[in-house]
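Student: I need the structure of the sequence given here:
(2 chains)
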Amino acid sequence: MRIACTAALFFCSSLAWSQSEADLADGKATFRSNCAFCHGLTGGGGRGPTLNSGRLLHGSTEQDIKNVVTNGVPGTSMPAFEFEKDELTRLVAYIRTLAESSAKSAPVTGDPVQGRKVYERSGCPACHRIGMEGSIYGPELTRVGAGRSSEYIRESIVNPSADIPQEYGGVTVVTRDGNRITGVRINEDTFTVQMRDPSQNFQMFRKDEVQQVIPETKSLMPAYSSLDKDDLQNLLAYLDTLRGDLHAGAGVTKAEGIR
Amino acid sequence: MIRALSLFALASLLPAQNVTYDRLVHALNEQQNWLTYWGDYSAIRHRDLNQINTSNVKSLRADWIFQTGQPGTLETVPLVVDGVMYLTGGNGYAYALDARSGRQLWMYKHGFPPGRKGSGANRGFAILGDRLFMVTPDANVVALDARTGKLLWQTEMAEFHNGQYTATLAPLVIKDKVIAGISGAEFGIRGFIDAYDTATGKRAWRFWTVPAQGEPGGETWMADSWKRGGGSTWMTGTYDPELNTLYWGVGNPGPDLEGAVRKGDNLYTCSLVALDPDTGKLKWHFQFTPHDTHDWDAAETPMLLDLNWKGRDRKLVVQANRNAFFYVLDRETGEFLMGKPFARQDWATELDAKGRPILRARHEPAPEGSRTCPGLAGATNWMAPSYNPATRLFYFAVREQCDVYYTSPPVYIEGRPYFGSVERGVTEESEWGLLKALDPLTGETRWDFRYVHAPWAGTLSTSGGLIFAGDADGYLMAFDAKTGKNLWRFNTGSPIQNSPMSYMVKGRQYVTMPSGSAVLTFALPVE
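Tutor: Numbers count the residues shown, from 1 in each chain, chains lettered A, B, ... in the order given. Here you go, the predicted structure:
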């Protein structure tokens, strides 16, 4: 009797164990094929934020993560996903194991105050925008610390061509009189191309009216590979602090109206 | 008074649209009309109309636009019968228009049972006598009175089952039967081709594209995987009246990307089947992609060409397949004659003497992803090709795009995708597209025109020396059929997922290309 009970218990618990193991494997498979592309194979981040640091931007409870997956994050590249209820539960269970299983990404060292000086001294605001300051030519950095892993940002600084977001691909147009105009490609079809130039202006062309349209294979951003080691670390520390609201300053002031 | 009355009575007895089977067989004798989805039974999509030609096409302009006002993108190719245009919209809508003005004559809206999702694209009508036939998103075949748009009969092809079975294609009328296929291989269906009596809607025969265990071909399926084996038949077939043979492309096996649960060749998925249209009996089959795991179904147009093949006049069927090979088969026997790649592909080293692909290693979808060309959408797809008898070239849209294919264990839940994973574009590589003019006798490219994006629109050839084509950025374009020079273009304002057609009314030639939710029709300015 006792033996039977023990055996049954053992059997039950081993079943439960293998079941949850199978669930996690399912969750992992879903993660790999849907999330890893931006968040890395083990959640180390990349184009998307790190998921293994134990601190998630939009909350770390099961429900918080489910909300983000189901609704996406407006104003970012995080889309809304339509998963089956069980599939979502398995996926979120797997995401919650990432912080435990992997080596936590170390906090970014360096001095953010010095980093801000490096940012300004190196001419970054000429292309990038933080809040309402800087240029709209390059990617906005208001929220870059929240949206990108530190490793990704480091690579973007020293080797910007390693990963070029599609919306910041470059293009050069050679006009009939030999002028070369390079900018960020906004749109292109077989017969026309539209870009934004470094002066933040739209430049729009019909291809049959220009000499040549050359897609840029490298990033339009120069590689800051010669930055001093400390400067780079301080700059990374500064960028890591940028976790602002994308829509800061976009508030609507209501007129009082006629009384 | 009496005389007027009797005239009226006589007129009411004459069918407004008497499209006999004989007219369908000889559809190319009526170049002003467009009587079947493909324009005729062979699907060459060439019109002997040259009012619009290489020297005046630059003056082509929008003549009228019909806005359906419905969401979704029109994928329909209209029929034109003696000045009346019949077209289906998405979501169970259909319309008859004055083909000269675009003014509406009637509208039909399919009645969906309560609680049933009634959305989905549709590709067009078939006609016989004064009856029009279409399918609906909830997998019904519907017969309408061409004069009024009133419902005559409707037959459920398969139980809707939470949206597993759907239908999108334009049916094909042969003799007294209307033939239609089914969609849903992404939802774990078992595919078929059906024939219905045009008068009553009663089913005449069914050909299962996935044979059951014990039937010929059943041994190509593991265990009972055939029950959810897919094999959709979502594009219209072609027909040779002399051979009395129907040719139909069959879609992918299910689950799409996960082959381990359905080991074997998985007949008749990714195949061309040749059927007797009177009985639905299989005459022969040819499988382009055995045991497909990349969703490369064979729904692309099986075009019928009579050409001199190596010194002998032969009846051929040709297809530019989604798997990136252009195939030539003998359409009397199904014999494989030639298969040549027409786009980047890295999954097969070559085709063997019987046309079976010799696979390269490491191109199966994998849990960690596996990059393969072409991508899931294929090197071409359902958009129609055309053939010009003067240039003897085959004109079609090519998609140059690769994917990373992932697998994950497929779980079957009724009404939910049964896919076995996802694919993702290789985003580091930009896609592009081509309009390609290919010699069907050699598979060699005569010319091509490069698009910035991979297209979803087909082609039309005319004796005006023109090829009309569309692209993913919304352009309807005209090209010189001989040289590939772009002679004219118009941006329709929506990505085009359709194929152009042409017709003539009262001596004026029109070119129609539905785009977005609008039907756009072009003509030369009136002098």
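Student: give me every residue that touches residue 148.
Tutor: Answering for chain A, as no chain was given. Applying Cβ atoms under 8 Å, 6 or more residues apart in numbering or on different chains, one finds that residue A:148 lies in contact with A:45-49, A:156. Backbone N, C-alpha and C define where each C-beta goes, glycine included.
Student: Correction: the question concerned chain B.
Tutor: Shown in contact with residue B:148 (Cβ under 8 Å, 6+ apart): residue B:106.
Student: go with 10 Å
Tutor: Residue B:148 is in contact with B:16, B:96, B:105-106, B:108, B:130, counting by Cβ atoms under 10 Å, 6 or more residues apart in numbering or on different chains.
Student: Same check on residue A:68?
Tutor: Contacts for residue A:68 (Cβ under 10 Å, 6+ apart) come out as A:56-59, A:78, A:80-81, A:92, A:95.
Student: switch to 7 Å and redo it
Tutor: Residues counted as contacts of residue A:68 (Cβ atoms under 7 Å, 6 or more residues apart in numbering or on different chains) are A:58, A:78.
Student: In terms of pLDDT, where does it sit?
Tutor: For residue A:68, the pLDDT comes out at 91.
Student: is it fair to say it lies in a helix?
Tutor: Yes: under DSSP: H, G, I helix; E, B strand; the rest coil, residue A:68 sits within a helix.
Student: number of nearby residues for the nearest residue to residue B:240 once chain neighbours are set aside?
Tutor: In space, and not counting its chain neighbours, residue B:240 is closest to residue B:304: 5.8 Å by Cβ to Cβ, 6 or more residues apart in numbering or on different chains. The tally of other residues near residue B:304 (other Cβ atoms under 10 Å in any protein chain shown) stands at 23.
Student: What is the neighbour count of residue A:61?
Tutor: Counted with other Cβ under 10 Å, residue A:61 comes out at 11.
Student: cool, residue B:390 as well?
Tutor: Neighbours around residue B:390, by other Cβ under 10 Å: 12.
Student: All the strands of the stretch 151-300 of chain B, residue numbers only.
Tutor: B:151-156, B:172-174, B:177-181, B:192-197, B:203-208, B:238-240, B:245-249, B:271-275, B:282-287 (DSSP state E, counting those that start in this stretch).
Student: Just name the most buried of those.
Tutor: Highest mean neighbour count of the strands of the stretch 151-300 of chain B: strand B:177-181, a mean of 27 (counted as mean count of other Cβ atoms under 10 Å in any protein chain shown).
Student: quick check: angle from that one to strand B:151-156?
Tutor: Angle, strand B:177-181 to strand B:151-156, by axes from the mean of the first three to the mean of the last three Cα atoms, to 10 degrees: 50 degrees.
Student: residues in contact with strand B:177-181?
Tutor: Under Cβ under 7 Å, 6+ apart, the answer for strand B:177-181 is B:126, B:133, B:135, B:141, B:157, B:167, B:169, B:171-172, B:193-198, B:204, B:233-234, B:246, B:248, B:277.
Student: and chain A, which residues reach chain B?
Tutor: A:26, A:29-30, A:32-34, A:37, A:84, A:166, A:188-191 (Cβ under 7 Å from any Cβ of the partner chain).
Student: among the residues you listed, which are in strands?
Tutor: Counting by DSSP state E, the residues of chain A next to chain B place residue A:188 in strands.
Student: Make a markdown table out of the residues of chain A next to chain B and add pLDDT and neighbour count.
Tutor: What follows is the residues of chain A next to chain B, written out as a markdown table (pLDDT from 0 to 100; neighbours: other Cβ atoms under 10 Å in any protein chain shown):
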| residue | pLDDT | neighbour count |
| --- | --- | --- |
| A:26 | 83 | 20 |
| A:29 | 80 | 21 |
| A:30 | 82 | 26 |
| A:32 | 78 | 22 |
| A:33 | 72 | 23 |
| A:34 | 78 | 21 |
| A:37 | 73 | 17 |
| A:84 | 83 | 14 |
| A:166 | 82 | 10 |
| A:188 | 96 | 20 |
| A:189 | 96 | 17 |
| A:190 | 97 | 22 |
| A:191 | 97 | 18 |
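Student: Tabulate the residues of chain A next to chain B in JSON lines, adding columns for distance to residue A:128.
Tutor: Shown next, in JSON lines, are the residues of chain A next to chain B (distance: Cβ to Cβ, whole Å):
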{"residue": "A:26", "distance to residue A:128": "41"}
{"residue": "A:29", "distance to residue A:128": "37"}
{"residue": "A:30", "distance to residue A:128": "35"}
{"residue": "A:32", "distance to residue A:128": "32"}
{"residue": "A:33", "distance to residue A:128": "33"}
{"residue": "A:34", "distance to residue A:128": "30"}
{"residue": "A:37", "distance to residue A:128": "24"}
{"residue": "A:84", "distance to residue A:128": "40"}
{"residue": "A:166", "distance to residue A:128": "18"}
{"residue": "A:188", "distance to residue A:128": "23"}
{"residue": "A:189", "distance to residue A:128": "28"}
{"residue": "A:190", "distance to residue A:128": "32"}
{"residue": "A:191", "distance to residue A:128": "32"}
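Student: Check the residues of chain A next to chain B against residue A:221 and report the nearest one.
Tutor: Closest approach between those and residue A:221, by Cβ to Cβ: residue A:166, at 14.9 Å.
Student: returning to what we had before: could you point out which of the contacts of residue B:148 is nearest to chain A?
Tutor: Distance to chain A across the contacts of residue B:148 (Cβ to the nearest Cβ) is lowest for residue B:108, with 31.8 Å.
Student: could you measure the closest residue to residue B:72 other than its chain neighbours against residue B:211, distance?
Tutor: Distances taken as Cβ to Cβ, 6+ apart place residue B:90 nearest to residue B:72, at 3.6 Å, with adjacent residues excluded. Remark: distance between residue B:90 and residue B:211 (Cβ to Cβ, to the nearest Å) = 33 Å.
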